[in-house]
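In: Quick one: sequence plus predicted model below, questions after.
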Amino acid sequence: MGYLKDEILEKVATSEDNIIFEEAVYSIASQAFSRVMREVFEDVDQRLVSKMKADGYVMERKEPRHIQFLFGDVYFERRLWRKGKRYVSPLDELMGFLPRLRYSPLVQAKLSELATSSEFRKVSKAVSCLTPLQISPSGVHGIVQRVSKKVENHEDNTKELVHKEKKTVSVLYLEGDALAVKSQDRGIININRFQVHEGVRKVGKRGHCINLHQFSGRSRKKAFSNMLEYLRKNYDLRNTIILSNSDGGSGYEPEVFYELALDCKQHEHFLDRYHLNRKIRERMYFCPIELVDKMTIAVREYSKQDVELVLDTMESIAATENDSKRARKYTELLRKYLDRNWEYIKPLRFRNIPAVIDHGGLGVCESRHRPFSYRMKRQGRSWRRPGAENMGRLITSLQNKEYDEAVRSDWKKALRKLDEVDVDFNKLLRTAHKPHVGVKTGRILNDGGSRTAQGKIKRTYG
């Protein structure tokens, strides 16, 4: 590594300021690591020769490959093997390098994770500023779609896993709601969401859901099915009290949650308090704020008599309004809404639920919309349906803390595939190996960190 020290010392002497010096050192380090990785890849490819021959493959030729890692570009050669009509590059399979894709798995994973909280253009700019990578917004978009499919495949595979022991909890909270985002094809796209958790734990002034698990997608039926399957596989509900919460909209009626709560000890459904108060404000738009407050208190205290008194006052006010027809209509709509949902408006403290204290466990679904709404709704953003589905899947995977496992799944499959061959691969890799004949070691020159006019890196060989 002495030559690295010499190059850095030269930059110390020639750099005009510390920023230019640090950029130069970063470029030197990146190029040095890229050279090392090139030698590693070609060495590993050589060590795979015996494995491929033992498996009946015949080498066709060597092919060049260019992969961009977080630390920089790596150019290397690897062998292409043939067995009948099947062609395979074992190094690509081992490292998870997809055909015709020049970004490493980690780069794809990190870009997709960044894209769940920022638009593609900003992700592209941030990556260009902080790493040697150069990627366009459309390139980020393509990677997001690809990684989302990988996450989907991982979710489908994990559904087949059988859980040996089911959890038994005293209380379980179920919620559901839909989030509307703009469609590029006009109209809206509904992101349907369900979630389950075991209560809320206070950490300082903030509450955190215990064992929260979320389900989302454009298809409400699929999200519901995934929620139902998760409950059946993970929980024994026979001694569990289930508290469910929703706004009562289409697809989120109480009957939907009755099906999710089958076989439980007791089930109580609640109309979401946020949506209830919003409905009251919307319908009482022509009333003084004092009357709106009286209605809110009457509903909170679950006093049917006080609610009727406020509704009668609304009718009297509506008759004197300029748009009395609309005001009377809204009064009647509010009356029907409250009558229809009165059973589910009943507060927790008035229900016969033994040893259950909410502590904010109900009504958290709306706040869990934020990662979706911040990314998918702000600044008037619009989506195509597959893109909205993929982005929603990635956000849900991150929220469920399953993302890292999903993006690593292909690597584990590749290692298991190698273990099937009758070769001790781990021992093979740990054994000192002589450089194969024909490879010339060298270094990459890029004229102070810039590319040549043709866009290619110049190389010299010693």
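Out: On my side now, so go ahead.
In: can I see the domain layout of the protein?
Out: 2-156+402-461, 171-399 (automatic domain parsing).
In: What's the separation between Lys233 and Lys401?
Out: According to C-beta to C-beta, to the nearest Å, Lys233 stands 18 Å off from Lys401. Using the backbone N, CA and C atoms, a C-beta is placed for each residue, glycine as well.
In: Count the residues that sit near Ala261.
Out: 22 (other C-beta atoms under 10 Å).
In: what's the spacing between it and Leu172?
Out: Distance, Ala261 to Leu172, by C-beta to C-beta: 8 Å.
In: Find the residues that touch each one of those two.
Out: Residues touching both Ala261 and Leu172 by C-beta atoms under 8 Å, 6 or more residues apart in numbering: Leu237, Ile242.
In: so the closest residue in space to Leu271 that isn't next to it in sequence is in which element?
Out: Nearest residue to Leu271 in three dimensions, chain neighbours excluded: Tyr344, at 4.2 Å (C-beta to C-beta, 6 or more residues apart in numbering). Here Tyr344, judged by DSSP states H and E, is contained in helix 324-345.
In: what is the mean pLDDT for that helix?
Out: Taken as a whole, helix 324-345 carries a mean pLDDT of 94.
In: Strands of this structure, residue ranges please.
Out: Here the chain has its strands, by DSSP state E, at 58-69, 72-83, 86-88, 171-183, 188-197, 200-203, 206-209, 213-217, 241-246, 266-271, 382-383, 442-445, 458-461.
In: can you put these in TSV and add mean neighbour count and mean pLDDT?
Out: Formatted as TSV, the strands of the chain follow (neighbours: other C-beta atoms under 10 Å; pLDDT from 0 to 100):
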stretch	mean neighbour count	mean pLDDT
strand 58-69	14	91
strand 72-83	18	90
strand 86-88	12	90
strand 171-183	21	92
strand 188-197	22	94
strand 200-203	12	82
strand 206-209	14	83
strand 213-217	22	93
strand 241-246	24	93
strand 266-271	21	93
strand 382-383	18	91
strand 442-445	14	45
strand 458-461	10	38
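In: Next one: Gly387 from Arg378, what distance?
Out: Counting by C-beta to C-beta - Gly387 and Arg378 are separated by 16 Å.
In: Thr313 too?
Out: According to C-beta to C-beta, Thr313 and Arg378 sit 40 Å apart.
In: got it, and Met227?
Out: Applying C-beta to C-beta, the value for Met227 to Arg378 is 27 Å.
In: again, but for Arg201
Out: 30 Å.
In: same question, Tyr235
Out: Separation of Tyr235 from Arg378 (C-beta to C-beta): 36 Å.
In: So for those two, which sits in the more crowded spot?
Out: Ranked by neighbour count (other C-beta under 10 Å), Tyr235 and Arg378 place Tyr235 first, with 19 against 9.
In: wait, isn't the more buried one in contact with Val171?
Out: No: taking C-beta atoms under 8 Å as the definition, Tyr235 is not a contact partner of Val171, at 11.4 Å.
In: Overlap of the contact sets of those two?
Out: Joint contacts of Tyr235 and Val171 (C-beta under 8 Å, 6+ apart) do not exist.
In: Stretch 172-191: how far from the chain's middle?
Out: Counting by C-alpha atoms, centre = their mean, to the nearest Å, stretch 172-191 is centred 16 Å from the centre of its parent chain.
In: Can I get that stretch in PDB, CA atoms only?
Out: Output in PDB follows, covering the C-alpha atoms of stretch 172-191 (Å, rounded to 0.1, in the frame of the first residue of the first chain):
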ATOM      1  CA  LEU A 172     -55.200  -7.200  20.200                       C
ATOM      2  CA  TYR A 173     -55.900  -4.000  18.200                       C
ATOM      3  CA  LEU A 174     -57.000  -4.200  14.500                       C
ATOM      4  CA  GLU A 175     -57.400  -1.200  12.300                       C
ATOM      5  CA  GLY A 176     -58.000  -0.500   8.600                       C
ATOM      6  CA  ASP A 177     -58.300   2.600   6.400                       C
ATOM      7  CA  ALA A 178     -57.600   3.700   2.800                       C
ATOM      8  CA  LEU A 179     -55.300   6.400   1.500                       C
ATOM      9  CA  ALA A 180     -56.100   8.100  -1.800                       C
ATOM     10  CA  VAL A 181     -53.300   9.300  -4.100                       C
ATOM     11  CA  LYS A 182     -53.500  11.000  -7.500                       C
ATOM     12  CA  SER A 183     -53.400   8.900 -10.600                       C
ATOM     13  CA  GLN A 184     -51.500  10.000 -13.800                       C
ATOM     14  CA  ASP A 185     -54.400   8.400 -15.700                       C
ATOM     15  CA  ARG A 186     -56.900  10.700 -14.000                       C
ATOM     16  CA  GLY A 187     -58.900   9.800 -10.900                       C
ATOM     17  CA  ILE A 188     -57.400   8.500  -7.800                       C
ATOM     18  CA  ILE A 189     -55.600   5.300  -6.600                       C
ATOM     19  CA  ASN A 190     -56.600   3.800  -3.300                       C
ATOM     20  CA  ILE A 191     -53.800   2.400  -1.100                       C
END
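In: How many neighbouring residues does Ser50 have?
Out: Residues near Ser50, counting by other C-beta under 10 Å: 12.
In: Equivalent analysis for Val36, please.
Out: Residues lying near Val36 (other C-beta under 10 Å) number 12.
In: now swap in Thr14 and tell me
Out: For Thr14, the neighbour count with other C-beta under 10 Å is 11.
In: any idea how far the residue lying closest to Ser246 once chain neighbours are set aside lies from Arg340?
Out: Once flanking residues are discounted, Ser246 sits nearest to Tyr252: 4.0 Å by C-beta to C-beta, 6+ apart. Separation of Tyr252 from Arg340 (C-beta to C-beta) stands at 14 Å.
In: These two: which has the busier surroundings?
Out: Remark: of Tyr252 and Arg340, Tyr252 carries more neighbours, 24 against 12, as counted by other C-beta under 10 Å.
In: Now do the more buried one against Arg78, distance only.
Out: Separation of Tyr252 from Arg78 (C-beta to C-beta): 53 Å.
In: now do Leu130
Out: Applying C-beta to C-beta to Leu130 and Arg78 gives a distance of 29 Å.
In: Who are the contact partners of Ser30?
Out: Phe71, Gly72, Pro132.
In: which regions of the chain sit below the pLDDT cut-off?
Out: Confidence mapping of the chain against pLDDT under 70 gives the ranges 1-3, 160-164, 355-360, 410-462.
In: what residue of it is the furthest out?
Out: Taking C-alpha atoms, centre = their mean, the residue of the chain most remote from its mean C-alpha position is Thr320, at 52.5 Å.
In: OK, contacts around that one?
Out: Listed by C-beta under 8 Å, 6+ apart, Thr320 has no contact partners.
In: nearest to Ile19, of the contacts of Ser30?
Out: Using C-beta to C-beta, Pro132 comes nearest to Ile19 of the contacts of Ser30, at 16.4 Å.
In: I'd guessed Ser244 sits against Leu172; true?
Out: No: contact criterion C-beta under 8 Å: Ser244 and Leu172 do not qualify, at 9.1 Å.
In: so the longest helix seen in the chain versus strand 72-83, what angle?
Out: Using DSSP state H to define each element, the chain has its longest helix at helix 18-47. Per axes from the mean of the first three to the mean of the last three C-alpha atoms, to 10 degrees, the angle that helix 18-47 makes with strand 72-83 is 10 degrees.
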